[in-house]
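Engineer: Sharing a model prediction with you, sequence too.
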Amino acid sequence: MIISMRLHATREEIENARARIEEFGYKVHSIAGEERVVIGAVGVGDVTACLESLEAMPGVERAVRISAPYKFVSREFRPQKTEITIRGVTIGGSEFVMMAGPCSVESEKQILESAEIVASNGAKFLRGGAFKPRTSPYDFQGLELEGLKLLDKARRITGLGIVTEVMSDRDVDLVAEYADILQIGARNMQNFALLKTLGKCGRPILLKRGLSSTIKELLMSAEYIVAHGNPDVMLCERGIRTFETATRNTCDLVAVAVLNELTHLPVILDPSHATGKRSLVPPLARAGIAIGADGMIVEMHPHPEKAVSDGAQSLDPKQFAKMMTDLQPYIGLWKKSRVAETVAAV
Ligand code: PEP
Ligand code: MN
């Protein structure tokens, strides 16, 4: 924070401001100037309350925040990328990681078939919702515990890691028992009770960007999880709501590059929810690799026409296999640039 005192503020006013900053737990680093005194304060604390309190004090002209409000997740705090290793697969490192599977877990047959298909085409994680956030209360809400057990079975057969959504803080322990990565859906990005509980869940988190959330808000939500004790957070761009109606959401592709500048956390792209249309998934996936995502989460269903949710954006097995093959040259280039970045950072 920088606190700029009024011209000719009295010594007492300056001392009072200084004392107030210290009461909030900050260190006063510099006091400078002939006529006007400027105070620099650093540390961790309730910045908003401190700024408000200072601005209300006599002799203070302006109190402003200078560093990002998200401290732990910022690149300034940690210049090297966070690497998260799950079942021997590292996300945020030198491998581009694919997560794929149906929108929802529907039946044993459907999820086991899906798992075989995504594993044999190079994906490392199986996605599938057992708890589903649906706009309508009359739509399929997920198989819940039964769905989690089916995901566990698929993991035991294929060795894939499991990524699945948790919607409520009440279910965190249950989902964490079965999942390797807990997905926080777009609609829950600012469910602060849930975010706090995730701090203690002992599992990596895939935090999806809210439908109308800014990049800063996404980072603040990640900060909640890290500040509450869990450093293993991945961020996911899944499209945001705009005036455009040609696609289900508008993919803010540059958010991937922006996030890579602002944070050390791995960034995952979801080209399925970002477009809502299966023909657009492979081209957006190519772009996501080129712009530097660490991985991708894609919807694939053995029979998209029968899917209970998100069939229109789900690739069928053939399309998924073709996309995975077609992406290989792009992944090759991605690896080269990742190596170059790592060398440059050392
Ligand atoms: C999903 O992954 O199926 C999902 C519901 O995603 P989002 O929260 O991004 O809408
Ligand atoms: Mn979906």
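Structural biologist: That came through, no problem. Residues are numbered from 1 along each chain as shown. Ligands and ions are numbered 1, 2, ... in the order given.
Engineer: Can you get me a residue count around the closest residue to ligand 1 within the stretch 151-300 of the chain?
Structural biologist: When scored by Cβ to the nearest ligand atom, the stretch 151-300 of the chain has residue 185 as its residue closest to ligand 1, at 3.0 Å. From N, CA and C alone the C-beta is placed, and that goes for glycine too. Neighbour count for residue 185, taken as other Cβ atoms under 10 Å: 22.
Engineer: Would you confirm that it contacts residue 164?
Structural biologist: No - here residue 185 does not reach residue 164: they are 10.6 Å apart, not a contact under Cβ atoms under 8 Å.
Engineer: so where's the stretch 51-200 of the chain uncertain?
Structural biologist: Judged by pLDDT under 70, the stretch 51-200 of the chain has no weakly predicted residues.
Engineer: Give me the distance between whichever residue of it sits closest to ligand 2 and residue 185.
Structural biologist: Per Cβ to the ion, residue 103 is where the stretch 51-200 of the chain lies closest to ligand 2, at 3.3 Å. Counting by Cβ to Cβ, to the nearest Å, the gap from residue 103 to residue 185 is 11 Å.
Engineer: do the same with residue 59
Structural biologist: Counting by Cβ to Cβ, the gap from residue 59 to residue 185 is 48 Å.
Engineer: quick one on the thing from earlier: now the common contact residues for residue 185 and residue 164.
Structural biologist: Contact with both residue 185 and residue 164 is made by no residue, according to Cβ atoms under 8 Å, 6 or more residues apart in numbering.
Engineer: so how far is residue 340 from the closest residue to ligand 2 within the stretch 201-346 of the chain?
Structural biologist: With Cβ to the ion, the shortest gap between the stretch 201-346 of the chain and ligand 2 falls at residue 310, namely 3.8 Å. To residue 340, residue 310 is 37 Å away according to Cβ to Cβ.
Engineer: Looking at those two, which is more packed in?
Structural biologist: Remark: of residue 310 and residue 340, residue 310 carries more neighbours, 20 against 10, as counted by other Cβ under 10 Å.
Engineer: Assess the claim that the more buried one and residue 281 are in contact.
Structural biologist: No - Residue 310 lies out of contact with residue 281 (Cβ under 8 Å); the separation is 11.4 Å.
Engineer: Might you enumerate the residues of the stretch 151-300 of the chain proximal to ligand 2?
Structural biologist: Residues of the stretch 151-300 of the chain lying near ligand 2 by Cβ under 5 Å from the ion: none.
Engineer: Tell me which stretches of the stretch 151-300 of the chain form helices.
Structural biologist: Remark: helices assigned in the stretch 151-300 of the chain by DSSP state H, counting those that start in this stretch are 172-178, 192-198, 215-227, 254-262, 271-275, 281-290.
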